[in-house]
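Participant: take a look and give me a structure for this.
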Amino acid sequence: MGKHILIIEDDGNIAELLRLYLEKDGFSVTIAEDGEAGLIAFEQSRPDLILLDIMLPLLDGWGVCKEIRKASNVPIIMLTAKGETLDKITGLEMGADDYIVKPFEVGELMARIHAVMRRFDVTGGSEEKKLVFDNLIIDMNSFELLVHGKRIEAPPKEMELLYHLASTPNRVFTRNQLLDEVWGFDYFGDSRTVDVHIKRLREKLENVSAKWSLKTVWGVGYKFEVYGEK
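Facilitator: Numbering: from 1, shown residues only. Just a heads-up that it's a prediction; the model follows:
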């Protein structure tokens with residue numbers, strides 16, 4: 001059975017255009033026209049991915065994203081008519097996995113949908129994708145982040161970034177390397193995307209262990225440092 005996508009978009013023409021392309025590509029689709037309806041549709045349909053407009057009636061996209069993140073790590077791509085960096089960063093801080101600015105090419109959006117889903121759907125592979133450190137387990141097979149044995153909510157992109165860094169302890173990655181290797185597509189040169197995700201991870205991992213840390217290498221980038229290892 002094909003993956004299910006929830007579109008929360010108040011512009012009926014855009015929503016129907018997206019439905020047409022998505023159904024042609026084998027997805028099933030649910031459409032909600034305002035934020036409150038979007039939350040209801042999310043509860044009822046439990047989609048595999050959400051396309052979420054920011055400027056919505058009743059409850060805006062940021063509010064919808066915040067509520068969904070309380071219950072689920074489902075991938076969210078935000079659709080916005082605003083191109084300002086602040087709006088993009090706000091969406092990422094709320095837990096969105098990607099954003100695309102209107103007007104957009106449908107082909108680009110479809111490529112991003114497939115890219116996000118490929119990175120999220122790791123359970124079908126035979127490769128074990130699980131890293132264990134002191135007081136920390138990063139399990140990409142179940143997309144679970146365990147701190148002191150307790151599950152911590154982390155959106156897919158945060159999980160992917162942490163796993164990527166921790167897979168090669170003590171290696172320094174530049175922001176551009178992380179954009180290329182984790183996001184897998186051009187973020188229009190906005191390296192602050194990485195900074196936002198690192199900030200959110202640090203808030204969750206602060207003082208978890210004295211044996212490792214998520215470190216900034218000033219003027220270069222970031223690394224997952226394991227003490228006592230070269």
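Participant: helices of this structure, start to end?
Facilitator: Counting by DSSP state H, the chain has helices at residues 12-24, 35-45, 61-69, 85-94, 106-120, 156-167, 175-178, 192-205.
Participant: in a markdown table: those, plus distance to Thr216.
Facilitator: From N, CA and C alone the C-beta is placed, and that goes for glycine too. Formatted as a markdown table, these follow (distance: least, CB to CB, whole Å):
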| stretch | distance to Thr216 |
| --- | --- |
| helix 12-24 | 38 |
| helix 35-45 | 35 |
| helix 61-69 | 25 |
| helix 85-94 | 18 |
| helix 106-120 | 24 |
| helix 156-167 | 12 |
| helix 175-178 | 11 |
| helix 192-205 | 8 |
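Participant: make JSON lines from the ones you listed and add mean neighbour count, distance to Val132 and mean pLDDT to it.
Facilitator: Formatted as JSON lines, these follow (neighbours: other CB atoms under 10 Å; distance: least, CB to CB, whole Å; pLDDT from 0 to 100):
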{"stretch": "helix 12-24", "mean neighbour count": "15", "distance to Val132": "38", "mean pLDDT": "93"}
{"stretch": "helix 35-45", "mean neighbour count": "18", "distance to Val132": "33", "mean pLDDT": "95"}
{"stretch": "helix 61-69", "mean neighbour count": "21", "distance to Val132": "26", "mean pLDDT": "91"}
{"stretch": "helix 85-94", "mean neighbour count": "19", "distance to Val132": "28", "mean pLDDT": "70"}
{"stretch": "helix 106-120", "mean neighbour count": "16", "distance to Val132": "21", "mean pLDDT": "81"}
{"stretch": "helix 156-167", "mean neighbour count": "22", "distance to Val132": "10", "mean pLDDT": "91"}
{"stretch": "helix 175-178", "mean neighbour count": "17", "distance to Val132": "22", "mean pLDDT": "86"}
{"stretch": "helix 192-205", "mean neighbour count": "18", "distance to Val132": "15", "mean pLDDT": "91"}
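Participant: looking at those helices, which is nearest to Ser142?
Facilitator: Set against Ser142 and scored by CB to CB, the helices of the chain come closest in helix 156-167, at 10.2 Å.
Participant: please export the C-alpha coordinates of the closest one as CSV.
Facilitator: C-alpha atoms of helix 156-167 as CSV (Å, rounded to 0.1, in the frame of the first residue of the first chain):
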residue,chain,number,x,y,z
PRO,A,156,13.8,12.8,12.0
LYS,A,157,16.3,15.4,10.9
GLU,A,158,17.7,15.8,14.4
MET,A,159,18.1,12.0,14.6
GLU,A,160,19.8,11.9,11.2
LEU,A,161,22.2,14.7,12.1
LEU,A,162,23.1,13.2,15.5
TYR,A,163,23.6,9.7,14.0
HIS,A,164,25.8,11.1,11.2
LEU,A,165,28.0,12.9,13.6
ALA,A,166,28.2,10.1,16.1
SER,A,167,28.9,7.5,13.4
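Participant: re the thing from before, and the helices of the chain: which comes nearest Asn135?
Facilitator: Distance to Asn135, taken as CB to CB, is lowest for helix 192-205 among these, at 9.3 Å.
Participant: and the angle from that closest one to helix 156-167?
Facilitator: 80 degrees (axes from the mean of the first three to the mean of the last three CA atoms, to 10 degrees).
Participant: which helices and strands does helix 192-205 pack with?
Facilitator: Where contact means 3 or more CB pairs under 8 Å, 6 or more residues apart in numbering; DSSP states H and E, helix 192-205 is packed against helix 85-94, strand 144-147, helix 156-167, helix 175-178, strand 212-217, strand 221-226.
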